[in-house]
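Chemist: Next comes the sequence, and after it the predicted model I'd like to discuss.
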Amino acid sequence: MYNSKIAGLGAYVPENVVTNDDLSQKMDTNDAWIQERTGIKERRHIKKGDGNTTAKMGVKAAQIAIERAGITKDDIDMIVFATLSPDYYFPGCGVQVQHLMDMKTIPALDVRNQCSGFVYALATADQFIKTGMYKNVLVIGSENHSGGLDFSTRGRSVSVIFGDGAGAAVLSREEDTSKGVLSSHLHSQGEHALELCLEGPSTEHWVPQIIQENPQENIPYYPYMNGQFVFKNAVVRFSEVIMEGLGKNNLTPDDIDMLIPHQANLRISQFVQKKFGLSDDQVYNNIQKYGNTTAASIPIALTEAWENGKIKEGDTVVLAAFGSGFTWASSIIKW
Ligand code: ACO
């Protein structure tokens, strides 16, 4: 048995900055409300004609991660791509990355676990490496939210939160099993699937049916979120899954050097930070700049924390996520 370690990290966000004031030109919202309720100051949106798609942003993040891992694309044995906003209904973005990066005919797997997607993808890649089947797995989280949000006042409680971007990690074989990904912990609770969802278009709601049933109102092809219900579940599940991971490795919150929570809402991160008595140096947040980038949020934050020298060898790094499904997950990493 081997462990896997993060050998390289990369992130990419579109250049187009959208501030809270920009959004207030389109809908009845304001900077004070958004900052107070979410912590978000601005986010990035793909701009028509800038060439970005979910897969292409994933490629940009992946190229940086591969270079930093000191390998080439030909050393990658598998792609695991997490997104809720794939370029196409099918096929997934993983195969597009294989093509766009001109890689060998390696396997490409798409993960559909929304905000927990990157941790699920990392855990999947980790298993392939632990068993010895693969040496280097490219794990990507990428989202193009802006193309599918309702920017009228009707959609304001959802659309102000989300942003576009991508993050990637190269997960590589680690012979020392006291290092790297120590364990991952994955959960789901489908009874709450419709509390945070995009119902159509889908096999339950094909476009012609949607138009027929909802000529003007209540169009289910914009995301729906029962914000307060999601919030209440998030703070409980974040705490549980972090404790589960720490307990499994005989660690306590005092052992955390860096917690990278999924960037859903700054108030959720602050709640978790307070609950575990962590200092500002032990938690990394960048939702202020990017909003919630779903599957991309953890790899973008992890990349930035690493680039800023906030993670060093030997550190205990905890990743934790909660989101649509509901799904939630954590990974405990010895850097
Ligand atoms: N601007 C101004 N006012 C607004 C806006 C806005 N953008 N959005 C909503 N409001 C109004 C509402 O209409 C409501 O007005 P009312 O009291 O007159 O009815 C009031 O503000 C309060 O609305 P709430 O929805 O109760 O606001 P809340 O404090 O719950 O904040 C939020 C909403 C930010 C969505 C919060 O509930 C939240 O962050 N939830 C969790 C999100 C999360 O963790 N998601 C999981 C990951 S995402 C994924 O998996 C894809």
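Modeler: Nice, I can see it.

Chemist: Find the closest residue to the ligand in the stretch 101-250 of the chain.
Modeler: residue 227 (2.7 Å; Cβ to the nearest ligand atom). Bear in mind the C-beta positions are built from the backbone N, C-alpha and C, glycine included.

Chemist: Roughly how far does that residue sit from residue 298?
Modeler: 21 Å (Cβ to Cβ, to the nearest Å).

Chemist: Comparing those two, which shows the higher neighbour count?
Modeler: Using other Cβ atoms under 10 Å, the more surrounded residue of residue 227 and residue 298 is residue 298, with 31 against 15.

Chemist: so what's the more buried one closest to, chain neighbours aside?
Modeler: residue 118 (4.5 Å; Cβ to Cβ, 6 or more residues apart in numbering).

Chemist: Wait, the one you found touches residue 81, no?
Modeler: No. In this structure residue 118 lies outside contact range of residue 81 using Cβ atoms under 8 Å: 10.1 Å.

Chemist: Residues that sit against both of the two, list them.
Modeler: residue 141 (Cβ atoms under 8 Å, 6 or more residues apart in numbering).

Chemist: Test my guess that the residue of the stretch 101-250 of the chain closest to the ligand contacts residue 157.
Modeler: Yes. Under the criterion of Cβ under 8 Å, residue 227 makes contact with residue 157 at 5.7 Å.

Chemist: what sits against the nearest residue to residue 194 once chain neighbours are set aside?
Modeler: Once flanking residues are discounted, residue 194 sits nearest to residue 224: 7.5 Å by Cβ to Cβ, 6+ apart. Shown in contact with residue 224 (Cβ under 8 Å, 6+ apart): 158, 194, 196, 197, 198, 199.

Chemist: Sitting in helices, which of these do you find?
Modeler: Using DSSP state H, the subset of the contacts of residue 224 located in helices is residue 158.

Chemist: Now intersect the contacts of residue 224 with the strands, please.
Modeler: Among these, DSSP state E puts 196, 197 in strands.

Chemist: Can you tell me which of the contacts of residue 224 has the most neighbours?
Modeler: residue 196 leads those on contacts (other Cβ under 10 Å) with 22 neighbours.

Chemist: Assumed residue 182 was part of a helix.
Modeler: No. Judged by DSSP: H, G, I helix; E, B strand; the rest coil, residue 182 forms no part of a helix; its state is strand.
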